[in-house]
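Student: structure for the following, please:
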Amino acid sequence: MKNKTLRNDLIVIVILFLIIEGLFFFKSRKQGQLIEITKDNQIYGYYSLNEDQIIKIDQENTIQIKNQKVKMIQATCPDHLCIKQGTIDKKGSTIVCLPHHLIIEIKEGKEEVQDGKVY
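Tutor: Here you go, the predicted model:
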């Protein structure tokens, strides 16, 4: 009887642990609300994912925001790895263009959204 109670308690604890882990996993994978663009280690700007738009960065890179997803659609770098990285849409996801020192990261949305450059 005591072993059966211990076994049932262990099953309940494991189930609760799995539920809590699942909640943390899904919370960390939620969609972000804006992108932060960094160029040469300086914040270039914040852009909302809720507005479809094309962003040109210094005639070197072109970023597309469409349907709350972000992708690099044009780049003048020789390898085009930033374009090959594809589409991102989850908080914490990034697109990086090393030759142009450009980083695009999806953020939660606490920063103030600017419609252009931030100085």
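Student: in which helix or strand would I find the nearest residue to I103 once chain neighbours are set aside?
Tutor: Closest residue to I103 apart from its sequence neighbours, by CB to CB, 6 or more residues apart in numbering: T38 at 4.4 Å. The C-beta positions use only the backbone N, C-alpha and C, and glycine is treated the same way. For T38, the enclosing helix or strand under DSSP states H and E is strand 34-39.
Student: number of nearby residues for the residue nearest to I103?
Tutor: Neighbour count for T38, taken as other CB atoms under 10 Å: 16.
Student: so what pLDDT did it get?
Tutor: Predicted confidence (pLDDT) for T38: 96.
Student: in contact with it, which residues?
Tutor: The contact partners of T38, by CB atoms under 8 Å, 6 or more residues apart in numbering, come to Y44, L102, I103, I104, E105.
Student: quick one on the thing from earlier: how about the CA coordinates for the strand holding T38, as CSV?
Tutor: Below are the C-alpha coordinates for strand 34-39, written out as CSV (Å, rounded to 0.1, in the frame of the first residue of the first chain):
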residue,chain,number,x,y,z
LEU,A,34,9.3,44.4,-32.8
ILE,A,35,12.7,44.1,-34.4
GLU,A,36,15.8,45.8,-33.2
ILE,A,37,18.3,46.6,-36.0
THR,A,38,22.0,47.2,-34.9
LYS,A,39,24.6,48.5,-37.3
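Student: helix or strand next in line after that strand, which one?
Tutor: For strand 34-39, the following helix or strand on the C-terminal side (DSSP H and E) is strand 42-48.
Student: how far does that next one sit from the chain's center?
Tutor: Offset of strand 42-48 from its chain centre (CA atoms, centre = their mean, to the nearest Å): 14 Å.
Student: pull out the buried positions in it.
Tutor: By neighbour count on 16 or more other CB atoms under 10 Å, the buried set for strand 42-48 is Y44, G45, Y46, Y47, S48.
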